[in-house]
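In: Sharing a model that was predicted from the sequence below.
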Amino acid sequence: MNIACIQMDIAFGAPEKNKQTIVRYMEQMARDVDVVVLPELWTTGYDLTRLTDIADENGEDTKTFLSSLARTYDVHIVGGSVAKKTDKQMTNTMYVVDRNGHVVSEYSKLHLFKLMDEHMYLQAGETLHVFQLAHTTCAGVICYDIRFPEWIRTHALHGAEVLFVVAEWPLARLHHWRTLLMARAIENQCYVVACNRAGKDPNNTFAGHSMIIDPWGNVLAEGDEQETVIMANIDINEVQHVRGRIPIFADRRPDVYKIFEKKD
Ligand SMILES: NC(=O)CCC(=O)C(=O)O
């Protein structure tokens, strides 16, 4: 499976401009890849104070855009995330579209990041995110979610062999980003495909360093801090190979974990 992450700079609060950037990259490389991954909040960036004007109503515009790209370029798309508005709430929502243009899944960020004011504007999601793409069981989470190993493990226990992470992760915590991604790959013995944004907004400079990591923790591809596309070919059989070598899933002791589970 050939995977590409579009580590784009995101124009602040300018969905149409950001769509043009994605189309430009698709034209350059999508025909050579099976799956394209976009970053978090790629339509608006963290322009949270203007979300009532610029968020996508029911995600309709995003779904139409991604479906059309997927069909045109014959590629699966893990569509980063966008600010979605309904008449009840606003969420940070990921859409995954297969190469036939069908929306195969939707997930809203479970853990909102207070340091970037998300809790003041957005509602948290409440669902697991496991889906099938290219005959492979995958999971998708959003940025701050990677700090919660129990959440990622839940997806692995539901069969995820590839974990997609979409992010707007600041440069100030680059070492956390790289370390957490590697840990999530090693401890869950899965591929981690992480697409971060590059560039700046009025409050943050972002880290870039999108990464594709194999189930043994080897880094197959990594960006620098500039806008770029990273690519790698992944062999899904490697997941079962690594899981056979050190059988952590068989060796878990949930019976004992349950006894000592700390109740809040
Ligand atoms: N957009 C985010 O969720 C950022 C998370 C982050 O920066 C962190 O340190 O965690």
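Out: Received, thanks. This structure is a prediction, so every number in the text was calculated from the model and none was measured.

In: For the chain, which residues are neighbours of the ligand?
Out: Along the chain, the residues adjacent to the ligand under the rule CB under 6 Å from any ligand atom are 40, 113, 116, 143, 144, 147, 168, 169, 170, 173, 176. For the C-beta atoms, the positions are set from N, CA and C on the backbone; glycine is no exception.

In: what bridges to the closest residue to residue 222 other than its chain neighbours?
Out: In space, and not counting its chain neighbours, residue 222 is closest to residue 211: 4.9 Å by CB to CB, 6 or more residues apart in numbering. Here residue 211 sits in beta bridges with residue 194, residue 222, as judged by DSSP bridges.

In: What of residue 84?
Out: If you apply DSSP bridges, the partners that residue 84 bridges to are residue 56, residue 91.

In: Name the member of the residues of the chain next to the ligand with the most neighbours.
Out: residue 169 (29 neighbours; other CB atoms under 10 Å).

In: That one contacts residue 204, doesn't it?
Out: No: between residue 169 and residue 204 there is no contact under CB atoms under 8 Å: 9.2 Å.

In: all helices for the chain, in order.
Out: Assigned by DSSP state H, the chain shows helices spanning 15-29, 51-54, 60-73, 118-121, 149-157, 174-188, 237-245, 248-251, 254-259.

In: For the last one, buried residues please.
Out: Applying a neighbour-count criterion of 16 or more other CB atoms under 10 Å, helix 254-259 contains no buried positions.

In: what mean pLDDT does that helix have?
Out: For helix 254-259, mean pLDDT rounds to 96.

In: how far does it sit from the chain's center?
Out: Centroid displacement of helix 254-259 relative to its chain, using CA atoms, centre = their mean, to the nearest Å, is 30 Å.

In: Likewise for the third one?
Out: Taking CA atoms, centre = their mean, one finds the center of helix 60-73 at 18 Å from the center of the full chain.

In: now the angle from it to helix 15-29?
Out: For helix 60-73 against helix 15-29, the angle by axes from the mean of the first three to the mean of the last three CA atoms, to 10 degrees is 10 degrees.

In: which outside residues touch helix 60-73?
Out: Contact partners of helix 60-73, identified using CB atoms under 8 Å, 6 or more residues apart in numbering, comprise 15, 19, 22-23, 26, 30-31, 36, 43, 56, 75-77, 79, 82, 84, 95, 97-103.

In: Show me these that map onto strands.
Out: 36, 56, 76, 77, 82, 84, 95, 97, 103 (DSSP state E).

In: Name the residues linked to the fourth one by a beta bridge.
Out: With beta bridges defined as DSSP bridges, residue 77 has these partners: residue 36, residue 97.

In: now do the last one
Out: Per DSSP bridges, residues listed as beta-bridge partners of residue 103: residue 97.

In: That one: what's it in contact with?
Out: Here residue 103 is in contact with 63, 66, 67, 95, 96, 97 (CB under 8 Å, 6+ apart).

In: So which of the residues you listed is the closest to residue 47?
Out: Relative to residue 47, the closest of the contacts of residue 103 is residue 95; by CB to CB it sits at 19.5 Å.

In: Can you tell me the closest non-neighbouring residue to the closest one?
Out: In space, and not counting its chain neighbours, residue 95 is closest to residue 79: 4.4 Å by CB to CB, 6+ apart.

In: shouldn't that neighbour be in contact with residue 93?
Out: No: the criterion here is CB under 8 Å, and residue 79 misses it with residue 93 at 9.3 Å.

In: between these two, which one's more packed in?
Out: The residue with more neighbours, out of residue 79 and residue 93, is residue 79; 30 against 25, by other CB under 10 Å.

In: Could you check how far the more buried one is from the ligand?
Out: Look at residue 79 and the ligand: by CB to the nearest ligand atom, to the nearest Å, they are 16 Å apart.

In: what's that residue sitting at in phi/psi?
Out: Per-residue torsions, residue 79: phi -80, psi 40 (degrees, to the nearest 10).
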